[in-house]
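Peer 1: Here is the input, now give the coordinates:
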Amino acid sequence: MGTTIIAFTAVILYGAGTLLQVLRIRSGNQRAGWLAQFTGVLAIAAHLSFALSFMVLEDGVNLSVLVAGTTIAALLAALVLILSLRYPLQPLLLIAYPIALLSILGKITFYTGPRIIDDSNLGVLLHVSLAITAFSLLALAAIQAVLLYLQHHHLKAHHSGFLVRALPPLETMEALLFGLIHTGVAILTLAIISGAIFVQDLFSQQLAHKTVFTLLAWLVFAALILGHQIRGWRGAVASRWTLAGCILLTLGYFGSRLVIDVIL
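Peer 2: Just a heads-up that it's a prediction; the model follows:
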């Protein structure tokens, strides 16, 4: 009962934060923007409390697909909120808050059996922590890539619409995108290395798809970084590569687990 109250508190706060952010963008009301951020802090705190109540168990750490998904969504919202304090990125809250809200509703609506990891295995826990952090950063990069693509398309068409007015300049958006990608790939590299060291049978039948898709995603992001540095890839090209890498990473982590844990 307690976790349900916490969950719906977070849902209401995320909903309020989203509406406040819409008000801020439409009217330019700075107070609404501050309230959207403050509401987000409360929502994320409740969300993390909800997620951790399912993740941290007496016999270990539960990483079922919905528990991992809602934890990643909370981290994603937290990353966007923190970045919005330094950069003019409050419009991204319009995506991060609803994703977090839906992840909570998904956890409440669907049941998945626990997937327990022994919390005494610190090496595996390190690998999992790095993987979740990397995925959160690269998922945020994917959201940024979508907005960058739309912004680039609107500017190319000389259409000064709502999106162009709400977002920061194109150069700022691109700089943040590649900052997220560089950081995310660095942490993903550490996750892959720690997995190779601490996780047994990475290419076993149960883990093979995850390992292969993760390595393919790493190669896509590495190619994007090289292409940006050597050939000056940016704009729509960078957005497509970012989305391709994130799709591969999502398939690796959630693909078969979603089918097994939720659908079946």
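Peer 1: how about the helices of the stretch 51-200 of the chain, start to end?
Peer 2: 65-86, 93-109, 122-156, 162-166, 170-198 (DSSP state H, counting those that start in this stretch).
Peer 1: tell me the angle of the helix or strand Ile25 falls within relative to helix 93-109?
Peer 2: For Ile25, the host element (DSSP states H and E) is helix 2-27. Angle of helix 2-27 versus helix 93-109, following axes from the mean of the first three to the mean of the last three CA atoms, to 10 degrees, is 160 degrees.
Peer 1: now the angle from helix 2-27 to helix 65-86?
Peer 2: Going by the same axes, to 10 degrees, helix 2-27 makes 40 degrees with helix 65-86.
Peer 1: For helix 2-27, which residues meet the burial criterion?
Peer 2: Residues of helix 2-27 classed as buried by neighbour count (16 or more other CB atoms under 10 Å): 6-7, 9-11, 13-14, 16-18, 20-21, 23-25. The C-beta positions use only the backbone N, C-alpha and C, and glycine is treated the same way.
Peer 1: Return the residues in contact with the residue lying closest to Pro88 once chain neighbours are set aside.
Peer 2: Once flanking residues are discounted, Pro88 sits nearest to Pro168: 4.3 Å by CB to CB, 6 or more residues apart in numbering. Shown in contact with Pro168 (CB atoms under 8 Å, 6 or more residues apart in numbering): 87-89.
Peer 1: For Asn29, state which of those is nearest.
Peer 2: Comparing the contacts of Pro168 against Asn29 with CB to CB places Pro88 closest, at 15.4 Å.
Peer 1: which residues touch the closest one?
Peer 2: By CB under 8 Å, 6+ apart, Pro88 lies in contact with 167-168, 172.
Peer 1: Show me the shaky parts of this structure.
Peer 2: Judged by pLDDT under 70, the chain has its weakly predicted residues at 1, 119, 157-165, 202-207, 255-264.
Peer 1: correct me, but Ala78 touches Ala51?
Peer 2: No - taking CB atoms under 8 Å as the definition, Ala78 is not a contact partner of Ala51, at 11.4 Å.
Peer 1: quick one: contacts of stretch 169-179?
Peer 2: So stretch 169-179 is contacted by 83, 87-89, 141, 144-145, 147-148, 151-152, 155, 167, 225, 228, 234-235, 238-239, 242 (CB under 8 Å, 6+ apart).
Peer 1: repeat for stretch 217-231
Peer 2: By CB under 8 Å, 6+ apart, stretch 217-231 touches 138, 178, 181-182, 184-185, 188-189, 192, 233-234, 237-238, 241-242, 244-246, 248-249, 252.
Peer 1: Would you list the buried entries among these?
Peer 2: Buried by 16+ other CB under 10 Å: 138, 178, 181, 184-185, 188, 192, 233-234, 237-238, 241-242, 244-246, 248-249, 252, out of these.
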